[in-house]
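Student: Could you look at this predicted model? Sequence included:
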Amino acid sequence: MNFRSETVNEKLMAQAFSVLRGNWVKAIAGLAIILLISSVASKSSVSLGNVWQQTISKIIDGPLVLGTVIFALALSRRQNPQIWQVLTGFKRFWTALCASVLMFVFILLWTLLLIIPGIVALAAYSMTYYILADNPDIGALEAIRRSKAMMAGNKRKLSYLALWLFCLTIPVLAVPGYIMGCVDIMIIKMSFYVIFILCNLLLTVYAGVCFAQFYDDLKPVSVAEPAAAQPAVAEPAVPVAKVNTALLDALCTNQKN
C-alpha cells in the first residue's frame, strides 16, 4: 500500500501553530523534563569516561524519543495530554532501544557509502517512532520496515518541511546569539541567553508538532490496477445456405441441351 501527504507544508506548519495555541507552556514543560533527564544521565556518567557517557546516552535516547513522539502526537491530535506522558517511552524500553540501535546502524552503513544515501535513509526511517507510538504490539524492525514503505515517495516533501523549519531557526536563534557575543554587560548577556534558551525550546516543540502533523497527513492511497483484458467476442458466424446439388445438376443439364 502506498502513502501520500497531500497537505502542503505551509498548511501543516500553520496547523501545528494552531494546535500549540494555549498549549505552549505544557509542551515546553514536557520538553524540559526530557532535557533534564538527558542532562542528569550525561552528567552522572562523566566520571565513567567518554565512552560510557555516550553509551548511557544512547541507551536512554530511544525511550526518551519515543515518549516525546507520543506526547507530540497527543498534542497534535488535540487529546490534551498530561506532561508525564513524555515518560511513557520507558514502558517499552527494549523496543525503543532496539529501534534506536537499528536505525543508528542502518543509517551509519548507508552514510559510509556516501552522505546522500545516509540522508535518504534518515528520511526513510523517520516515521519509526511514530509507528511504534500508534502500534504498541509491533517490534522495532517491523516499525522500521513500515516507515520505509510509508516514506516511499514522501521523503522529498519531508526534506522541504525540515528545510522550512531550519530557515525559521536561523534568524530566531542567530539574533540573540549574535547579541550575546557582542555585549559585555553581564545582565544584558544573561537576558539574551534566557531568550536564546526559550526560543530554542519553542522551536523544538514547534518542530515536533509539525512532524506529527506530517505523520498524520500520510494517508494510504490505493494503486489503480490495470483493467483486466476483456475476453474476445466471437463474431457471429454467417449461416451458409445448403444447396440442393441434385437440382443444380438438373438445371445445368437443361442448359446444355
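Tutor: Okay, I see it.

Student: Residue 212: what's its closest spatial neighbour, skipping adjacent residues?
Tutor: residue 76 (3.7 Å; CB to CB, 6 or more residues apart in numbering). Quick note: C-beta positions are derived from backbone N, CA and C, even for glycine.

Student: Now for that neighbour: which residues touch it?
Tutor: Counting by CB atoms under 8 Å, 6 or more residues apart in numbering, residue 76 touches 16, 19, 209, 212-213, 216.

Student: at 6 Å what do you get?
Tutor: With contact set as CB atoms under 6 Å, 6 or more residues apart in numbering, residue 76 has these partners: 19, 209, 212-213.

Student: Can you pick out the most distant pair from these?
Tutor: 19 and 212 (8.6 Å; CB to CB).

Student: follow-up on the earlier one: and which of the contacts of residue 76 is nearest to residue 153?
Tutor: Closest approach to residue 153 among the contacts of residue 76 (CB to CB): residue 213, at 18.3 Å.

Student: Secondary structure element for residue 208, which one?
Tutor: In this assignment (DSSP states H and E), residue 208 forms part of helix 186-217.

Student: Turn the contacts of residue 76 into TSV, columns for distance to residue 54.
Tutor: What follows is the contacts of residue 76, written out as TSV (distance: CB to CB, whole Å):
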residue	distance to residue 54
19	34
209	29
212	28
213	32
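
Student: all strands of the chain, in order?
Tutor: Secondary structure of the chain by DSSP state E: the strands cover 2-5, 218-221.

Student: mind listing what's buried in the first one?
Tutor: Okay, so that is strand 2-5. Using 16 or more other CB atoms under 10 Å as the test for burial, strand 2-5 gives 3, 5.
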